[in-house]
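[1] how would this look folded up:
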Amino acid sequence: MKGTFPIDKFQSLHTPFYYYDTQLLRDTLDVIKTEAGRAGNYAVHYAVKANANPKVLSIIRESGLGADCVSGGEIRAAIKAGFPAGKIVFAGVGKADWEINLALEHDIFCFNVESIPELEVINQLAAAQGKTARVAFRINPNVGAHTHANITTGLAENKFGIRMDDMEQVIDIAQSLKHVEFIGLHFHIGSQILDMGDFVALCNRVNELQERLEARQLRVPYINVGGGLGIDYAHPNRQPIPDFQAYFSTYRTHLKLRPYQTLHFELGRAVVGQCGSLISRVLYVKQGVNKQFAILDAGMTDLIRPALYQAYHKIENLSSERPVQAYDVVGPVCESSDVFGKAVDLNGVQRGDFVALRSAGAYGEIMASAYNCRELPKGYTSDELC
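    You can find the predicted model right below:
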């Protein structure tokens, strides 16, 4: 079954472009609020790195979610979209001084700190502003996730975070500094995770670490378990909204949260992944010896995930009900890796047909580049077009 798209509205738009189904986005946000709200002490932050389209950000802000940022630019985008500074957290392994100063100036909720040198710099910059920065330490729980190697982040030896063995040391250092306040622990084991067992393993590790800290009479009011929940790339119409009930109930069941604690999540892909599609037009159909190519006007500059991760996106010919044929679907960029899919079954393709690359709401428009001096794709919402 194909998705529903206002193709008549697409005729006047320059392709390629991103199309966002805002009703699906709002429905997804409603489910998140309902399922997270069952616990009473859960807070959800949207991971801005997934998609920073201003119209998308505004809808997410209206839903009441906070913002998880990994750069100064993302903090600016969140503030511009209206996210309260008190609901913004700032993560990232390489925070520049100007980014830290920007966050301090806005009095954001918390810095997720990833090294001792970073902690010391935050303390120095906070002192210069006469402020105290709230910090949580990103601890690598050494929990493997069943996902792509390039998006697994929770192992012991990783550019992200602090080793578990160093946890008490960095907390002691923080407590000796005058301009930082240690308030919590932060974890993130990876992305596009569909096996709830990975999150159970994280819960078990957090429980162990909490017991270690309580043995030293250390109370941690803020626990942040990151995000990581995946989406169904193969069947976007069958499961347009991820299984948030299973996700949040996993933490309710397995994480031993104390009465004085709040649990924070940083969901990105699961919020916006399914609401977005990259819309392209067919430039040419090229006949080979053993295959045929559908050459699109969209390329890896517009959606890099297939080239970067060998990621799968369902591809649909929106203009055709012709008999199905197999195509290698490729873009116009001068790179052999500019391929969206091989031997893809599509309704017969002709020049000018609209093609949708589905489940592209996360890490699509935000990762676009101008390589080959190509224009960046624009983003349109269903609110605008319908």
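[2] I figured G66 hits F83, correct?
    Yes. At 6.6 Å, G66 counts as touching F83 under the criterion of Cβ atoms under 8 Å. C-beta here means a position set from N, CA and C on the backbone, and glycine is covered the same way.
[3] Leaving out sequence neighbours, find the closest residue to R351.
    V282 (5.5 Å; Cβ to Cβ, 6 or more residues apart in numbering).
[4] Distance-wise, check the one you found relative to L346.
    According to Cβ to Cβ, to the nearest Å, V282 stands 10 Å off from L346.
[5] so what's in contact with these two at the same time?
    294, 355 (Cβ atoms under 8 Å, 6 or more residues apart in numbering).
[6] And these two? Which one has more around it.
    For V282 versus L346, the count of surrounding residues by other Cβ atoms under 10 Å is larger for V282: 23 against 20.
[7] what are the pairing partners of whichever strand or helix holds that one, and which direction each?
    Assigned by DSSP states H and E, V282 falls within strand 276-287. If you go by DSSP bridges, strand 276-287 pairs up with strand 17-20 (antiparallel), strand 292-296 (antiparallel), strand 354-357 (antiparallel).
[8] Which among those strands is found nearest to P332?
    Judged by Cβ to Cβ, the one of the strands paired with strand 276-287 that comes nearest to P332 is strand 292-296, at 6.7 Å.
[9] Buried residues in the closest one, which are they?
    Residues of strand 292-296 classed as buried: 293-296 (neighbour count, 16 or more other Cβ atoms under 10 Å).
[10] Now do that strand: everything it contacts.
    Under the contact criterion Cβ under 8 Å, 6+ apart, strand 292-296 has outside partners 16, 280-286, 325-332, 340, 344, 346, 349, 355.
[11] that older thread, tabulate the strands paired with strand 276-287 (a markdown table), appending distance to K9.
    What follows is the strands paired with strand 276-287, written out as a markdown table (distance: least, Cβ to Cβ, whole Å):
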| stretch | distance to K9 |
| --- | --- |
| strand 17-20 | 9 |
| strand 292-296 | 19 |
| strand 354-357 | 11 |
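[12] And these: which comes nearest A91?
    The minimum distance between A91 and those falls on strand 17-20, with 24.8 Å, by Cβ to Cβ.
[13] Secondary structure element holding the residue lying closest to H179 once chain neighbours are set aside?
    Nearest residue to H179, sequence neighbours excluded (Cβ to Cβ, 6+ apart): A126, at 3.9 Å. Assigned by DSSP H and E, A126 belongs to helix 116-128.
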